[in-house]
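Trainee: Generate coordinates for the sequence data below:
(2 chains)
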Amino acid sequence: RKEVEQDPGPFNVPEGATVAFNCTYSNSASQSFFWYRQDCRKEPKLLMSVYSSGNEDGRFTAQLNRASQYISLLIRDSKLSDSATYLCVVTTAGGYNKLIFGAGTRLAVHP
Amino acid sequence: GAGVSQSPSNKVTEKGKDVELRCDPISGHTALYWYRQRLGQGLEFLIYFQGNSAPDKSGLPSDRFSAERTGESVSTLTIQRTQQEDSAVYLCASSEAGRGEQYFGPGTRLTVT
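Mentor: Prediction:
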């Protein structure tokens, strides 16, 4: 079983739609959680950290459910520029020394 | 300030040749990571350096792969006797000590013919 699992998609949505991605992780002792974004043929970039209480950054909302070991990302009012691959990332238990990346969920927003 | 830089941006090599890839992390970042990303695939962790601690080499796929880091600055990833399956983008990232957020370089696209 992969340590971090994501639905690869693609999710094809119209502009203005709300879309949600989920991610599950296998290590219950994982400490920190992030969403990264990767545009085609570009390097990954941090989108947002995921906090236990949930957090919001503009149109983006991240949630963490430790009991069920899943993380979610909600994007409201999708823009064409949101088209990218979204990577779910967790740290190994006990420290920040190693991030485990999911394979990513591809989002395509169309006019 | 300057981000993570990598060189070369592209490298084409013949099967069996050795290649060396370079990474310059963000100044002050003590942690440095190498990843590999094959076309259409996720990121594979290769190796991690943190200060003067022994590196975590658990992700290196074979003994043809090695990496070094000079102090808390430049790192080089060396692939000996390259094989076609080594073709991928090799990404370097750095972070501050104790922080989970990593900052990636633009990658080196390696093609083994």
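Trainee: what's next to the worst-scoring helix or strand of chain A on mean pLDDT, contact-wise?
Mentor: Across the helices and strands of chain A, mean confidence by mean pLDDT, DSSP states H and E is lowest for strand A:99-101: a mean of 87. Residues outside strand A:99-101 that contact it (Cβ atoms under 8 Å, 6 or more residues apart in numbering or on different chains) are A:3-4, A:25, A:30, A:34, A:36, A:44, A:87-92, B:33, B:35, B:42-43, B:45, B:100, B:102. All C-beta spots, glycine's among them, are computed from the backbone N, C-alpha and C.
Trainee: Low-confidence regions, the chain specifically.
Mentor: Chain wasn't specified; assuming chain A. The model of chain A has pLDDT under 70 over residues A:93-97.
Trainee: please go with chain B instead
Mentor: The low-confidence ranges in chain B, as defined by pLDDT under 70, are B:1.
Trainee: what residues does it put near chain A?
Mentor: Residues of chain B lying near chain A by Cβ under 8 Å from any Cβ of the partner chain: B:31, B:33, B:35, B:41-43, B:45, B:48, B:50, B:56, B:91, B:95, B:98-107.
Trainee: which of those count as buried?
Mentor: Among the residues of chain B next to chain A, those classed as buried by 16 or more other Cβ atoms under 10 Å in any protein chain shown are B:31, B:33, B:35, B:42-43, B:45, B:48, B:50, B:56, B:91, B:95, B:100-107.
Trainee: Relative to chain B, how far out is residue A:6?
Mentor: Going from residue A:6 to chain B by Cβ to the nearest Cβ, to the nearest Å gives 9 Å.
Trainee: quick one: that residue and residue A:105 touch, right?
Mentor: Yes. The criterion here is Cβ atoms under 8 Å, and residue A:6 meets it with residue A:105 at 4.9 Å.
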